[in-house]
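J.: This is the structure alone, sequence omitted:
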């Protein structure tokens, strides 16, 4: 199948699941379904081991205080596109006294954290996902395995090749589902304490950033995604945030053509 056809299949699976944790997997699913056989099998045991290590290696930290009812901005990464789009917004919000706080993604923590020295408070994704603690892991893994079983059954009834790709990479899906549940808890705790007026990020593709948007919506906190690259991939739509902020009319027209509401 083409990438667009695989994307439609993934979206149908998410619609059938009606589960925010499954929604978090859609980009991973799309990428795996498009792999050729030579590169189709992932390091499953390594993914499961990583999931176990992450549950014992990170003590939980208290969430710092922040100004209530102000925007919170999440940086998923320190790529040029993320920084060029989000840093000016963050600096202008801070200059106007409108910034509630910054959340730094795990990819940011592996890079240069000094870029956030000008902002306060800054909370790290790893600290938020450590909130549930070790005792959470057993139940989360059991739920992940039930979801995986359901997804395999759903795909086998529609496309055996897609089901095979999922089974060949089961470890990454278990890890991502546990991560999604941890992110859900951490984001909710953050939002209940900071009570943001709105949240902003550049993507809802992966578990933490998806839950950042999803938990905000559950709490009736307005959410936005700021377009930060080319809109030439099928994954650009749908998005789960309330508002998609596009740089210019040409990007807006591309989104409208993909089915976005005006």
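T.: That came in fine, so what should we check first? Model, not experiment: these values are computed from the prediction.
J.: Give me the contact list for stretch 174-184.
T.: Under the contact criterion Cβ atoms under 8 Å, 6 or more residues apart in numbering, stretch 174-184 has outside partners 20-21, 24-25, 28, 47-48, 50-51, 54, 125, 128-132, 136-137, 140-141, 143-145, 147-148, 206-208, 210-212, 214-215. Every residue, glycine included, has its C-beta placed from N, CA and C.
J.: Stretch 143-159 now?
T.: 1, 9, 13, 16-17, 19, 21-22, 162-163, 166-167, 170, 173-174, 177-178, 181.
J.: what about burial for those residues, which qualify?
T.: Among the contacts of stretch 143-159, the ones that count as buried by 16 or more other Cβ atoms under 10 Å are 9, 13, 17, 19, 21-22, 162-163, 166-167, 170, 173-174, 177-178, 181.
J.: So which of those are in helices?
T.: Among those, the members found in helices (DSSP state H) are 9, 13, 17, 21-22, 162-163, 166-167, 170, 173-174, 177-178, 181.
J.: Out of the residues you listed, which comes closest to residue 64?
T.: Using Cβ to Cβ, residue 181 comes nearest to residue 64 of these, at 23.7 Å.
J.: So for that closest one, what's the pLDDT?
T.: pLDDT, residue 181: 96.
J.: Next up, the contacts around residue 79.
T.: By Cβ under 8 Å, 6+ apart, residue 79 lies in contact with nothing.
J.: Got the confidence number for it?
T.: At residue 79, pLDDT is 81.
J.: Next: residue 57.
T.: Predicted confidence (pLDDT) at residue 57: the value is 56.
J.: try the one 4 residues further on
T.: The model reports residue 61 with a pLDDT of 81.
J.: With residue 39 instead?
T.: Looking at residue 39, its pLDDT stands at 52.
J.: which secondary structure elements does the helix or strand where residue 127 lies contact?
T.: Secondary structure assignment for residue 127, by DSSP states H and E: helix 125-129. With contacts taken as 3 or more Cβ pairs under 8 Å, 6 or more residues apart in numbering; DSSP states H and E, helix 125-129 sits against strand 101-104, helix 106-109, helix 170-194, helix 207-218.
J.: hmm, who's touching the first one?
T.: Among residues not part of strand 101-104, those counted as contacts by Cβ under 8 Å, 6+ apart are 64, 66-67, 70, 72-75, 90, 113, 116, 119-125, 128, 190, 194, 196, 212.
J.: Among the residues you listed, which ones are in strands?
T.: 72, 73, 74, 75, 122, 123, 124 (DSSP state E).
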